[in-house]
Structure formats: C-alpha cells, structure tokens
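1. Sharing a model that was predicted from the sequence below.
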Amino acid sequence: MNNPQNPSDQNSASNEETSPFAGLSNTELALTRTDLASDRTDLAKDRNRLAAERTLMAWIRTSLSMISFGFGIDRFFAYLKQSETGTAVNQLAEERVLGLGLIVLGVVALAGGTLNYWRVLKNLEQPRFQYDFTSDRSFAITIAIVLVFIGLASYIPLIAQDISFQQLISPDSQVVKTLISLSIFFIMLSIGTSLSVPNLINFWQQPILVGRSLLATVLIPPLLLAGIFAVLQLPESFALALIFLIAAPGPALLTRRAGLAGVRMEFAASLQTTLALLAIIIVPLILRIFVLLFPDLDLMVSSWDVARQVGLIQFLPLGLGVAASIIWQDLAEEITDLLSTIANTLFLVLTLIVLMIGLGIVPTLGLPVLVVTILITVLGLAIGHLVTIGQPLEQQAGIAIATIARNAGLAITIATFNGLVEVVPIIIGIVIVGTLVGLPYSVWMKRKLQ
C-alpha cells in the first residue's frame, strides 16, 4: 500500500513548477542574481536620493524659521523705537545682533544644506564601488554652536546696558581678547588630540628636512622683512603688524591650508607641531631682535610676557591634547571631532568679528601697503619652494605654504595684550591678502601632485 505524499513535498513541487527560475542553468541563475542585485542597488540609490531630499527640505524649513524669527525680532524692536513707549526695552541698540544673526545663520544653514544635498547627488552618480562618502562632521552641531554665540552676544548688552555693541567688538575689548585666546587654545588642543607621535618622531629624525623647514619658515622671513625695512619707509602700524606676523610662524590652521595644496595631513601636522613647540622660544627672540634693530618703532614688549602668553595659549593646550589622546585612546577620535568642531566654530566667529572691526580700516591702508603685502607673500612662496629643492614635491608645497602662513591669532594676541590694538585690523588685512595671493600656488601644486 502506497504512503500518501507529504503536503510539504507537494507544495515544493508546485512551487518549482510555477517558479520563474525553474529549469534555469547555474549560469542563468547567476546572471539573474546579478540583475536582481543591480535592481536593488538602483532602489537603494532612489532611497538615498529621497532621504537627501527630505533632509534638504528639513534644512529649508529650519532656515526659513531662523530668517523669519530674525526678521520679526528686528522689525519688532524697530517698531518699539518708533512708538515711544517710554520703557527701557525700546532703548536697546543691540537687538540687531540677534535679529541679523538669525537671518545670517538661516542663510548659512540653507547654503550648507544645499551643498550637502548636491554632494549626495554627485556621489550617487559615481560608478559602482567608487562612492565618495561625505564628511562625518556634523553641520548641525556647528549651527548650534554658532547659535549659542549669537544668543550670548544678544544677552551681553542686556546685562551691560551702558556698554554699546561697538565697544564689545572693539580691538581692545575683553570679549575679543578672550575669544582669540579660546580659539587658539581649542585649535591647538584639537591638534594635540589628533597628533600621531610616531609620525612626529619620524619627522624629527630627518635633520635635513627639519633644517630646511626651519630655515624657510623661521630664519629667512625675519631677514627678508629687515631688508624691506632698510629699503622702504613703511607706516609704523603696518610695520608693527608685519613684525608680529613674521614672529609667529605655524598658524593653527596650517594643516588645512597645506591640504589645499595636496599636502598629506601627517606631514603638515608634524611641521605644525614642531613650529608650535618652538614658538615659545622663537616668538620672543624674533621680537627682541627687531626691538634692537629698529629702536624707533613703538615695539616695547617684554620677552618673558610674550613667552608666557605663547606657552599658555599654544604650548599648554598642545601638551594637554597629546596627553588626552594617550590617556583616552579609545575615545581619541570622538574627542578630536568634538574639539575640532568647537575650534572651527570659534575661529569662524572670531574671523567675522575681526572683519567687522577692520571693515572701515583696511580699505584706508592704501596701495603701497597692498603692494608690499603681495611682494612679501610672493617672495615667501619662492623662498619656501627654492630652499626645499631636492625634497619630494609634497614637502616642497607644505614648507612653502608654511613660509607664508603666519599665526594671525597669536600675532593678534601679542599685539592686544601689549597695548598695540591699532594694528589688529591691519594684521587681518595682511592675512586675507596673503591667503588670496597664495591660493594660485596651492592650486598649481595640488594639480602637480595629482
């Protein structure tokens, strides 16, 4: 007597008969799986594109909210001033800090969201297995930190109604001095946490490379500036600004400027760290030499005070960052990302404030100042490039950029703490012009390295 057929066997047989893949060979099944994988990839691209569009719409709503609130706050206080209510609130002159700040932040948020959306679309167009992931840094955190500073800037006038907004952002303002110190501190702290000690030691074990680097960035620029002073009669404020910049090599953002020229992060960070460690000796020494060479200049600075300032805002945070990366190795990457976000935001806020300070001063400097600044920048690039002939092209580019890239934050700190606040806007103007003049060199070297 035959046993009845198992129902599951019957279902399997029926599925095999109705399956679209029934009777296909292994090769045909492999091709079918490949086609299905391609379809899933296309569907994933569509999901990513739609997710990017939803994110962009969220940024649009956020930016519209900030712009609307900013416009409403500004118009509300303008109405109160016209209504003559007799209350103290309509006497506030700094409400535009919050109103205009929100408007600007809304525009920046919209521009950043649009740029991120465009990058996602470009990535989706890349060939398979060549997806270029966007940065893991949070743009939203940057917006939040900037919003915190806007809120603080609008709160300060409420507790100091006798102090005008112009006084708060003046070069001798304690707020500006503190912001400069904090910016440099956090930038150096983030560099310390991301520093690779083996790469730094490897850099120091190349005496020819280190010697050429210091020759181009530390020794030749002061000699070049002294020669220019001997030939040209420059305005005293401009001369002081040049001295402070030449005396402060190794800007906190050297790694980024060198990156624009295609220089690897490891080499730029090692060079930056070396200059930062030597700054506590280099800066007061160069300033002292210029005091002796040019006694007519109003350059009465204490070498000990300068060394102490450099140590507190540059040497100390760098050491703390290195110590933190060693103690908390598992969290080093997260700590570096957080500190970098804070440092970049502080630097952005500081740059905007200093540009506001120098907006009415820099255009009055005149053509001679502009010409001398361009001349010094071009000569600096030539010196850095020629001194390193024979070295790899990447090292040539990095040292040339380091020759013209001076530590503006440190120069401003030294100037303000020594009572020479009138040169601060000039320092910013020199840095802006120098950066623009050096940009074609960075583009040229990056193309050669590629």
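-> Great, that's in hand.
2. Quick test: name the residue nearest the centre of this protein.
-> N344 (4.8 Å; CA atoms, centre = their mean).
3. ok, now how distant is the closest residue to it other than its chain neighbours from L179?
-> In space, and not counting its chain neighbours, N344 is closest to T142: 7.2 Å by CB to CB, 6 or more residues apart in numbering. Just so you know, the C-beta spots here come from the backbone N, C-alpha and C atoms, and that holds for glycine as well. From T142 across to L179, the span is 16 Å (CB to CB, to the nearest Å).
4. For the stretch 351-450 of the chain, which segments are assigned as helices?
-> 367-387, 393-404, 408-417, 424-449 (DSSP state H, counting those that start in this stretch).
5. Include mean pLDDT, mean neighbour count and distance to L209 when you put these into TSV, please.
-> Shown next, in TSV, are these (pLDDT from 0 to 100; neighbours: other CB atoms under 10 Å; distance: least, CB to CB, whole Å):
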stretch	mean pLDDT	mean neighbour count	distance to L209
helix 367-387	87	18	11
helix 393-404	86	25	7
helix 408-417	79	26	24
helix 424-449	83	19	17
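6. Give me the domain ranges for the protein.
-> Structural domains assigned to the chain are 27-159, 170-449, following automatic domain parsing.
7. looking at the ones you listed, which is buried most?
-> Neighbour counts (mean count of other CB atoms under 10 Å) averaged over each of the domains of the chain peak at domain 170-449, with a mean of 19.
8. quick one: that domain to chain centroid distance?
-> 13 Å (CA atoms, centre = their mean, to the nearest Å).
9. what is the rounded mean pLDDT of the strand or helix carrying I289?
-> Per DSSP states H and E, I289 falls inside helix 265-293. The average pLDDT for helix 265-293 rounds to 84.
10. Equivalent analysis for stretch 350-359, please.
-> The model assigns stretch 350-359 a mean pLDDT of 67.
11. now stretch 179-199
-> 78.
12. all numbers from here: first residue = 57
-> Will do, 57 is the new start, and the previous item becomes stretch 235-255.
13. Distance of the residue nearest to the centre of the chain relative to V202?
-> 10 Å.
14. Could you find the closest non-adjacent residue to T401?
-> I201 (4.2 Å).
15. what helix or strand is the spatially closest residue to M321 that is not a sequence neighbour on?
-> Counting by CB to CB, 6+ apart, M321 lies nearest to T311, which is 6.0 Å off, once chain neighbours are set aside. Secondary structure assignment for T311, by DSSP H and E: helix 310-316.
16. Tell me which residues are up against that helix.
-> The contact list for helix 310-316, computed with CB atoms under 8 Å, 6 or more residues apart in numbering, reads 247, 307, 321, 323-325, 327-328, 331, 453-454, 457-458, 461, 491, 495, 498-499, 502.
17. repeat for stretch 349-363
-> Under CB under 8 Å, 6+ apart, the answer for stretch 349-363 is 282, 285, 292, 295-296, 299, 336-337, 339-341, 343-344, 346-347, 470, 473-474, 476.
18. how about a cut-off of 7 Å?
-> Residues from elsewhere that reach stretch 349-363 (CB atoms under 7 Å, 6 or more residues apart in numbering): 282, 285, 292, 295-296, 299, 336, 339-340, 343-344, 346-347, 470, 474.
19. And the residues you listed, which two are furthest apart?
-> For those, the farthest-apart pair by CB to CB is E292 and I336; their separation is 27.3 Å.
20. So R503 versus Y497, what's the distance?
-> 11 Å.
21. Revised request: answer the last question for G440.
-> Distance from G440 to Y497, by CB to CB: 10 Å.
22. Spit out the residues that contact those two alike.
-> With CB under 7 Å, 6+ apart, G440 and Y497 have common neighbours A456.
23. Tell me the pLDDT of the spatially closest residue to Q328 that is not a sequence neighbour.
-> Excluding its sequence neighbours, the residue lying closest to Q328 (CB to CB, 6+ apart) is L310, at 4.4 Å. Looking at L310, its pLDDT is 77.
24. could you give the mean pLDDT of the helix or strand encompassing R364?
-> Following DSSP H and E, one finds R364 within helix 359-366. For helix 359-366, the mean pLDDT works out to 74.
25. got the angle between that helix and helix 321-349?
-> 160 degrees (axes from the mean of the first three to the mean of the last three CA atoms, to 10 degrees).
26. List every C-alpha atom in helix 359-366, with coordinates, as PDB.
-> What follows is helix 359-366, C-alpha atoms only, in PDB (Å, rounded to 0.1, in the frame of the first residue of the first chain):
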ATOM      1  CA  SER A 359      60.200  88.800  26.100                       C
ATOM      2  CA  TRP A 360      59.100  87.000  29.300                       C
ATOM      3  CA  ASP A 361      55.500  88.100  28.900                       C
ATOM      4  CA  VAL A 362      55.400  87.100  25.300                       C
ATOM      5  CA  ALA A 363      56.900  83.600  26.100                       C
ATOM      6  CA  ARG A 364      54.300  83.200  28.900                       C
ATOM      7  CA  GLN A 365      51.400  84.100  26.500                       C
ATOM      8  CA  VAL A 366      52.700  81.700  23.900                       C
END
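27. could you point out which element follows it?
-> Following helix 359-366 in sequence, per DSSP H and E, is helix 372-383.
28. tell me the mean pLDDT over that following helix?
-> 81.
29. who touches that helix?
-> Here helix 372-383 has contacts from F241, M244, L245, S246, I247, G248, T249, L251, T329, A332, A388, I391, using CB under 7 Å, 6+ apart.
30. Tell me what angle the helix or strand harbouring the third one forms with helix 480-505.
-> In this structure, L245 is located in helix 230-250 according to DSSP H and E. Compare the direction of helix 230-250 with that of helix 480-505 by the same axes, to 10 degrees and you get 30 degrees.
31. counting contacts, what elements does the next helix or strand after helix 230-250 pack onto?
-> Per DSSP H and E, the first helix or strand lying C-terminal to helix 230-250 is helix 253-260. Packing partners of helix 253-260 (3 or more CB pairs under 7 Å, 6 or more residues apart in numbering; DSSP states H and E): helix 321-349.
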